[in-house]
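Peer 1: Provide a 3D model corresponding to the input given below.
(one chain, ligands or ions: 1)
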Amino acid sequence: MVHPRRVLRLGVNVDHVATVRQARRIAEPDPVVAAILAQPAGADSNVAHLREDRRHIQDADIRRLKKAVRRLNMEMAIWPGVIETALEVRPERVTLVPERREELTTEGGLDVAGGGPRLARAVRRFRDARILVSMFVGPDADQVRASVALGAAAVEFHTGHYANARTAAGRRADLDRIRAAAALAASLGLEVAAGHGLNLANVSAIVRIPEIEELNIGHSIVGRAILAGMPAAVREMKALMRR
Ligand code: PXP
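Peer 2: Residues are numbered from 1 along each chain as shown. So this is what the prediction gives:
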């Protein structure tokens, strides 16, 4: 049976525009400009991760993004200073993620089931501030149920395992897990998103999961933007040099 088609939204994560900027610690390239450019092209929201070490996105970026874009989804771990910025800026949504200082990127899902009182307190503060809370979790029934119990409105499934699977069988198994977890989450009334490691080669199978309403994609889009924009950037410089 063909499932009634829901609208599938795209959240464009601009962290890695800030990564390039922070390599020089100057103003450009500006992730806020990237977010603004992404909107007319089809970005339904923009995503930015304020990490504890502020390695890419800065607090000021979050403030500027909130003013510049239609919907801001702020990714964050529950670090004290980061929570304060979120409560001050009031993004449309916060996505709670685990964070390890030494990791290159968010390596796995949040342990909501074992999150304890600190996580519960953080969720309560966001709910009191009427900021929608999404939990970035692995495709796991216990984590989905724990997210409902804590009062999250949404879950985002970490698709990193699926994206990095080395064999077709492994990829199929990961996909089955995501499908089952998405069906459970939707049946419990959660909004369902997915993201991490999605790219032009692997996104189609995820798109076909009917319960998923939003994909959040960063690295692949920013990487493609660099390559697709390279000829124009070189032409621009060459034209100036010829003048
Ligand atoms: N969703 C969440 C919760 C993430 O932590 C990330 C990575 O920052 C993404 C989506 C985007 O992942 P990628 O950059 O691999 O597309």
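Peer 1: Quick one: residues contacting the spatially closest residue to R21 that is not a sequence neighbour.
Peer 2: Distances taken as C-beta to C-beta, 6 or more residues apart in numbering place P29 nearest to R21, at 5.5 Å, with adjacent residues excluded. Bear in mind the C-beta positions are built from the backbone N, C-alpha and C, glycine included. When contacts are counted by C-beta atoms under 8 Å, 6 or more residues apart in numbering, P29 touches 17, 20-21.
Peer 1: quick check, P29 in a helix?
Peer 2: No - P29: not assigned to a helix; according to DSSP: H, G, I helix; E, B strand; the rest coil it is coil.
Peer 1: Redo the contacts of P29 as a markdown table? Include distance to V144 and pLDDT.
Peer 2: Shown next, in a markdown table, are the contacts of P29 (distance: C-beta to C-beta, whole Å; pLDDT from 0 to 100):
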| residue | distance to V144 | pLDDT |
| --- | --- | --- |
| V17 | 32 | 98 |
| V20 | 35 | 98 |
| R21 | 36 | 98 |
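Peer 1: Which of those are buried, as a ChimeraX select command?
Peer 2: Listed next is the ChimeraX selection for buried residues among those, using 16 or more other C-beta atoms under 10 Å:
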select :17,21
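Peer 1: which SS state does the residue nearest the centre of the chain fall under?
Peer 2: By C-alpha atoms, centre = their mean, the chain has its centre lying nearest to N216, at 4.5 Å. What three-state DSSP gives for N216 is strand.
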